[in-house]
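> Quick one: sequence and predicted model below, then my questions.
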Amino acid sequence: MTHHVAEIVTFKLAKGVTDADFVALSQQTESFVRKQSGFIARWLTKGEDGSWTDYVIWADMAAAKSVAALFPAQPFFGALMEALDPETTKMRHEEVLWRMNA
């Protein structure tokens, strides 16, 4: 059985980057991500401690890894990465084994 895959990126922003700046940078990725085969959903959240999480749900691991390989070649990539604190940035892919929707 093929499971959906959650791509989970956790990070804090680099010094001087505002929440509004980062949301605007993230929105620049929307067109690219929406066009990718296997894209299902995406959420960007910020915790009380200033940590952020970017959740992207893909149809399967192949889709997640394929897009992850293409992402660095996109024109928005450099500015997006400069907005992150590299010491806090972590990315992982996890199989979705259960979900509940409203």
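That came through fine.
> how near is the residue nearest the centre of the chain to Ala20?
In the chain, the centroid-proximal residue (Cα atoms, centre = their mean) is Asp54; its distance is 4.0 Å. The spacing between Asp54 and Ala20, counted by Cβ to Cβ, to the nearest Å, is 16 Å. Backbone N, C-alpha and C define where each C-beta goes, glycine included.
> surely Cys37 meets Ala64?
No, residue 37 isn't Cys; it's Ser. No. With contact defined as Cβ atoms under 8 Å, Ser37 does not count as touching Ala64 (11.0 Å).
> of those two, who's got more company?
When Ser37 and Ala64 are compared on other Cβ atoms under 10 Å, the one with more neighbours turns out to be Ala64, at 23 against 10.
> Might one say that the more buried one is in contact with Glu7?
Yes. Under the criterion of Cβ under 8 Å, Ala64 makes contact with Glu7 at 5.2 Å.
> Please enumerate the shared neighbours of those two.
Both Ala64 and Glu7 are in contact with 56, 58, 93, where contact means Cβ atoms under 8 Å, 6 or more residues apart in numbering.
> Is there a neighbour count for Val96? I'd like the number.
Neighbour count of Val96, defined by other Cβ under 10 Å: 12.
> If I look at it, what pLDDT would I see?
Reported pLDDT at Val96 in the predicted model: 97.
> If we ignore the residues flanking it in sequence, what's nearest it?
Closest residue to Val96 apart from its sequence neighbours, by Cβ to Cβ, 6 or more residues apart in numbering: His4 at 4.2 Å.
> Quick one: residues contacting the one you found.
40, 57-60, 95-96, 99.
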